[in-house]
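Asks: Here's my sequence, what's the structure:
(one chain, ligands or ions: 1)
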Amino acid sequence: MSARIIDGKAFSATVREAVARDVTTLKANHGITPGLAVVIVGEDPASQVYVRNKVKQTAECGMNGWHFELPADTSEETLLAKVAELNADPAVNGILVQLPLPKHINEAAVIEAIAPEKDVDGFHVVNSGLLATGGRGMVPCTPLGCLLMLQDTLGDLSGKKAIVVGRSNIVGKPMAQLLLDANCTVTIAHSRTRDLADEVRAADIVVAAVGRPEMVKGDWIKDGATVIDVGINRVPGAEGKTRLVGDVEFAAAAERAGAITPVPGGVGPMTIACLLKNTVTATCRQNNIDLAAL
Ligand code: NDP
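Replies: Coordinates of the predicted model:
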């Protein structure tokens, strides 16, 4: 194996330490404690694990955290009323409604109901619009985490050829936008892309966000490329157990790549760290505090 392994767990710890320092300064110099409210509807076990982690790490950074668990049969009207209450609460700087929502609730309507300045997931159409037009919005956490890891690994990304495999609103599209803003030449691939292998072979940076186990093959990776694997796929493992793999054929890709994120322990931990970072960013903007001067 020749690639450097990008340790998302270690890097996310440094991001969370920086967040905790900012929180301490906000409390000491401005008397403000950032607050994040997380709302979950229903009992999806994977979502509950994510939410528990989010709440725990919010407290570890010194922020206020609120966790609202609503039953699976909660009506859209009740959920919208909860969002409106949190929008109006000045102690709440960030609001996250855990997705997916039960089928009877219109996800888009709920996301659009969150005040854009409190939308720490960055999914509101105002925030996607700001990202697309170079404005100052909230940036979705997973792509933001990927960008930070790429900049930490490569420094200036200017002029690099990047491919993003996947074009979802929450990962692929904002990732491509961030890479474009960082002056990469960006290709966005999807299920209709022809000759995906050749497209990937041309790239200095590969971000895979497909949701298909090990779909990006090791021999597609250009020698020395940097590979960010967003995928989280549970597959059958040894002795009847399951294991997690990414969207990239890790062992073979690591033979060729210059640096690569593992699954688990790569992008995943960065997503929560960036949620906390976004909550501090939102708090500063809501209080007209210059984040850079903290
Ligand atoms: P979506 O299902 O919303 O999007 C998947 C994308 O992959 C689509 O754009 C689709 O193309 C494309 N795709 C599907 N099949 C192919 C193919 N054969 N070749 C090329 N492209 C293909 O997924 P998400 O973006 O929400 O998530 C992607 C992965 O990232 C998942 O494994 C998810 O679990 C993981 N994830 C991880 C996070 C983390 O914190 N680490 C956070 C969020 C997601 P088309 O548009 O044409 O259908």
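Asks: Beta-bridge partners for the residue lying closest to Val97 once chain neighbours are set aside, please?
Replies: For Val97, ignoring the flanking residues on the chain, the nearest one in space by CB to CB, 6 or more residues apart in numbering is Val39 at 4.8 Å. Yep, even glycine has a C-beta here, placed from its N, CA and C like the rest. Beta-bridge pairing for Val39 (DSSP bridges): Phe68, Val97.
Asks: Now do the contacts for Val39.
Replies: 68, 70, 79, 82-83, 86, 95-98 (CB atoms under 8 Å, 6 or more residues apart in numbering).
Asks: Please repeat the previous calculation with a cut-off of 7 Å.
Replies: 68, 70, 82, 97-98 (CB atoms under 7 Å, 6 or more residues apart in numbering).
Asks: pLDDT of stretch 194-201, averaged?
Replies: For stretch 194-201, mean pLDDT rounds to 98.
Asks: same check, this time on stretch 42-49
Replies: 86.
Asks: With stretch 4-13 instead?
Replies: 98.
Asks: One more: stretch 159-177?
Replies: Stretch 159-177 comes out at a mean pLDDT of 98.
Asks: just how off-centre is it within its chain?
Replies: 12 Å (CA atoms, centre = their mean, to the nearest Å).
Asks: Restrict it to CA atoms and write it as PDB.
Replies: Extracted in PDB, the C-alpha atoms of stretch 159-177 (Å, rounded to 0.1, in the frame of the first residue of the first chain):
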ATOM      1  CA  GLY A 159      -5.900  24.100 -11.200                       C
ATOM      2  CA  LYS A 160      -6.400  20.500 -10.100                       C
ATOM      3  CA  LYS A 161      -8.700  18.200 -12.100                       C
ATOM      4  CA  ALA A 162     -11.400  16.900  -9.800                       C
ATOM      5  CA  ILE A 163     -14.200  14.500 -10.400                       C
ATOM      6  CA  VAL A 164     -17.300  14.100  -8.100                       C
ATOM      7  CA  VAL A 165     -19.100  10.900  -8.700                       C
ATOM      8  CA  GLY A 166     -22.700  11.500  -7.600                       C
ATOM      9  CA  ARG A 167     -24.900  14.600  -8.000                       C
ATOM     10  CA  SER A 168     -27.200  14.600  -4.900                       C
ATOM     11  CA  ASN A 169     -28.300  17.900  -3.500                       C
ATOM     12  CA  ILE A 170     -26.700  17.100  -0.100                       C
ATOM     13  CA  VAL A 171     -23.300  15.800  -1.200                       C
ATOM     14  CA  GLY A 172     -22.400  15.700  -4.900                       C
ATOM     15  CA  LYS A 173     -23.700  19.100  -6.100                       C
ATOM     16  CA  PRO A 174     -22.400  21.200  -3.200                       C
ATOM     17  CA  MET A 175     -19.100  19.300  -3.300                       C
ATOM     18  CA  ALA A 176     -18.600  20.200  -7.000                       C
ATOM     19  CA  GLN A 177     -19.500  23.800  -6.200                       C
END
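Asks: Understood, closing this out.
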